[in-house]
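Trainee: Below are the sequence and a predicted model for it; my questions follow.
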Amino acid sequence: METLQIIINVAVMLVLVGILYRMQKKHVSFTKRVFTGLGLGLVFGILLQVIYGATTGVVKTSVDWFSIIGSGYVGLLQMIVTPLIMVSIISAIMNLKGNQNIGKMSGSIIGTLLITTAIAATIGIGVTQMFGLEAIQIESGEAEQARADRLEQQLGDVQDLTIPQQVLEFIPTNPFADMTGERRTSTIAVVIFSAFVGAAVLGLDRKKPEQADTFRKLVNSLYAVVMRIVTLVLRLTPYGILALITKVTATTDAQEILKLGEFVIASYVALALMFIVHLILVTVFGFNPIAYAKKVISTLVFAFTSRSSAASIPLNIETQTKKLGVSQGIANLSASFGATIGQNGCAGIYPAMLAVMIAPTVGVTMDWQFYVTLVLVVMISSFGVAGVGGGATFASLIVLSTMNLPVGLAGLLISVEPLIDMGRTALNVNGSMTAGLISSKMLKENDQEIFDKANFDLDSAHEG
């Protein structure tokens, strides 16, 4: 009986995929297909949970089959992240004009990310206080205790590294290993290595122009090939979102969410407030916030469903360059840096909320010095957070241990972690796009005509 039910569920998923494919053949816009995939996945996931339950074998096996589409799509994106970062940054730097400066670009982007992370931490503190949240209010079960034990083990690894040692981890001592994503700082390491290659080409222009020209042609050819692969993979976005959101809604235990409902609500209030801050910043720098929101929504939907800032890099870059008018160099740097530095959701709001919730349980006095210290620690700790699901946990470990707070209590939120992580990831990605747009404006690298094209759709870049 279960086998038949699983076959029926898989067949329904294939029918939904067929609907999206038919929409693509009829040239329905990319954004509409993304939201159609999101809506169909939500409805299908809810039906699966209502009919079978969130933890039954039928749902688990069905979702396992759905993952061929959902996790397969995320895997393809992760496949092209490193090649895209490398060729894009090398290309951007070696083609810099006389008045452009890689140092100014990087400084502007990182500065914006850190400032917005500080604002996010402040919002997290304020919302936690407003809701009166404390860790002692949350019940601990077997799963939560097991998670707490794992966090204690991870803490040992974190405490073994001082802040200077963590900074040294950014250096690509073995760039080939970093290309495999071996370390949590691999993305930044690849960015640094690629920047050196690009700068070397600029230096070669003066001494050996023929060799520089040969290498430049090679990189430009590689860039064209990689971007073509990006185009092919991004066409699959609506299908990936369909499968990913189906999995989330089918397997999320509603009862567990209700138990921690106040924390979930508080988290999303904080995330919503930070999204508003992003829109205010966009407005201050002369951009229409409504137009901005319409242009980035598809990328945010993918970030929300995939829970991966790193996997969102290709779509992030294409949105910045094709929809927001950000220059190629700034777009690549902001998307790459934003996946590991200054994540407003995972490294800003979440650790700050946990610290404020946990502090009263160990008798810590929360005065203005505590809050200022917490915000500064959050900013510093936001370097090198992994750009995949679980990065918030690592950031929290660093913040809590630095503030001399127990890390085990963070395990109490394991049951709602995936649900909150979806919103955090979307905020992370929006923060990187906001940093790219603001930096492009400050450095006069933005194309206002592209931003003003209200009807532009990513499909125009996907055809052919």
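Mentor: Nice, thanks for sending it over.
Trainee: Can you tell me the element the residue lying closest to residue 352 once chain neighbours are set aside falls in?
Mentor: Setting aside the residues directly before and after it, residue 352 is nearest to residue 124 in space (C-beta to C-beta, 6 or more residues apart in numbering), at 3.6 Å. Every residue, glycine included, has its C-beta placed from N, CA and C. Assigned by DSSP states H and E, residue 124 belongs to helix 102-131.
Trainee: Residue 122 and residue 375 touch, don't they?
Mentor: Yes: if you go by C-beta atoms under 8 Å, residue 122 and residue 375 touch, sitting 6.1 Å apart.
Trainee: picking up where we left off before, so how far is the helix holding residue 124 off the chain centroid?
Mentor: 15 Å (C-alpha atoms, centre = their mean, to the nearest Å).
Trainee: all strands for the stretch 101-250 of the chain, in order.
Mentor: Using DSSP state E, counting those that start in this stretch, no strands are found in the stretch 101-250 of the chain.
Trainee: in it, what spans have low per-residue confidence?
Mentor: When residues are selected by pLDDT under 70, those of the stretch 101-250 of the chain lie in 137-163, 166.
Trainee: Can you list the residue ranges for helices in it?
Mentor: 102-131, 142-159, 163-168, 175-178, 186-207, 209-234, 237-251 (DSSP state H, counting those that start in this stretch).
Trainee: now the longest one and helix 186-207, what's the angle there?
Mentor: I take that to be helix 102-131. 160 degrees (axes from the mean of the first three to the mean of the last three C-alpha atoms, to 10 degrees).
Trainee: Check which residues of helix 102-131 are buried.
Mentor: 102, 105-106, 108-110, 112-114, 116-128, 131 (16 or more other C-beta atoms under 10 Å).
Trainee: now stretch 66-73
Mentor: 66-67, 69-71, 73.
Trainee: Now do the helix holding residue 124: which elements does it pack against?
Mentor: helix 186-207, helix 261-284, helix 328-338, helix 350-358, helix 368-381, helix 417-442 (3 or more C-beta pairs under 8 Å, 6 or more residues apart in numbering; DSSP states H and E).
Trainee: for these, which one sits closest to residue 253?
Mentor: Closest approach to residue 253 among the helices and strands packed on helix 102-131 (C-beta to C-beta): helix 417-442, 10.0 Å.
Trainee: Run the chain-centre distance for the next helix or strand after that closest one.
Mentor: Once the chain leaves helix 417-442, the next helix or strand it forms, by DSSP H and E, is helix 448-452. Helix 448-452 has its C-alpha centroid displaced from the chain centroid by 25 Å (C-alpha atoms, centre = their mean).
Trainee: Show the model's pLDDT score for the most centrally placed residue in the chain.
Mentor: By C-alpha atoms, centre = their mean, the chain has its centre lying nearest to residue 309, at 2.1 Å. Looking at residue 309, its pLDDT stands at 85.
Trainee: For it, what are phi and psi?
Mentor: phi -70, psi -40 (degrees, to the nearest 10).
Trainee: Am I right that it is in contact with residue 429?
Mentor: Yes: with contacts counted by C-beta under 8 Å, residue 309 reaches residue 429, the gap being 5.8 Å.
Trainee: would you list the buried residues of stretch 66-73 in TSV and tack on pLDDT and secondary structure?
Mentor: Formatted as TSV, the buried residues of stretch 66-73 follow (pLDDT from 0 to 100; DSSP: H, G, I helix; E, B strand; the rest coil):
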residue	pLDDT	secondary structure
66	94	helix
67	92	helix
69	94	helix
70	91	helix
71	91	helix
73	90	helix
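Trainee: Let me see the contact set for the closest residue to residue 374 other than its chain neighbours.
Mentor: Once flanking residues are discounted, residue 374 sits nearest to residue 355: 5.5 Å by C-beta to C-beta, 6+ apart. Shown in contact with residue 355 (C-beta atoms under 8 Å, 6 or more residues apart in numbering): 374, 399-400, 403, 405.
Trainee: ok, these vs residue 367, which is closest?
Mentor: So of the contacts of residue 355, ranked by how close each gets to residue 367 (C-beta to C-beta), first place is residue 374, at 11.1 Å.
Trainee: and for residue 122 and residue 375, which residues touch both?
Mentor: Taking C-beta under 8 Å, 6+ apart as the contact rule, residue 122 and residue 375 both touch residue 352.
Trainee: Turn the contacts of residue 355 into JSON lines, including neighbour count and distance to residue 328.
Mentor: Formatted as JSON lines, these follow (neighbours: other C-beta atoms under 10 Å; distance: C-beta to C-beta, whole Å):
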{"residue": "374", "neighbour count": "24", "distance to residue 328": "37"}
{"residue": "399", "neighbour count": "25", "distance to residue 328": "34"}
{"residue": "400", "neighbour count": "25", "distance to residue 328": "39"}
{"residue": "403", "neighbour count": "19", "distance to residue 328": "40"}
{"residue": "405", "neighbour count": "22", "distance to residue 328": "42"}
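Trainee: just checking, which of these belong to helices?
Mentor: Residues of these located in helices (DSSP state H): 374, 399-400.
Trainee: Would you format those as TSV with pLDDT and distance to residue 27 included?
Mentor: Shown next, in TSV, are these (pLDDT from 0 to 100; distance: C-beta to C-beta, whole Å):
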residue	pLDDT	distance to residue 27
374	94	51
399	85	48
400	83	51
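Trainee: now the residues you listed as TSV including distance to residue 273?
Mentor: Below are these laid out as TSV (distance: C-beta to C-beta, whole Å):
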residue	distance to residue 273
374	18
399	20
400	23
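Trainee: if I look at the residue nearest to residue 346 when sequence neighbours are not counted, how far off is residue 421?
Mentor: Counting by C-beta to C-beta, 6+ apart, residue 346 lies nearest to residue 392, which is 3.7 Å off, once chain neighbours are set aside. From residue 392 across to residue 421, the span is 6 Å (C-beta to C-beta, to the nearest Å).
Trainee: The two: who's more crowded?
Mentor: Using other C-beta atoms under 10 Å as the criterion, residue 392 and residue 421 rank with residue 392 on top: 27 against 24.
Trainee: Tell me which residues of the host helix or strand of the more buried one come out buried.
Mentor: Residue 392 is part of helix 391-402 when elements are defined by DSSP H and E. With burial defined by 16+ other C-beta under 10 Å, the residues of helix 391-402 counted as buried are 391-402.
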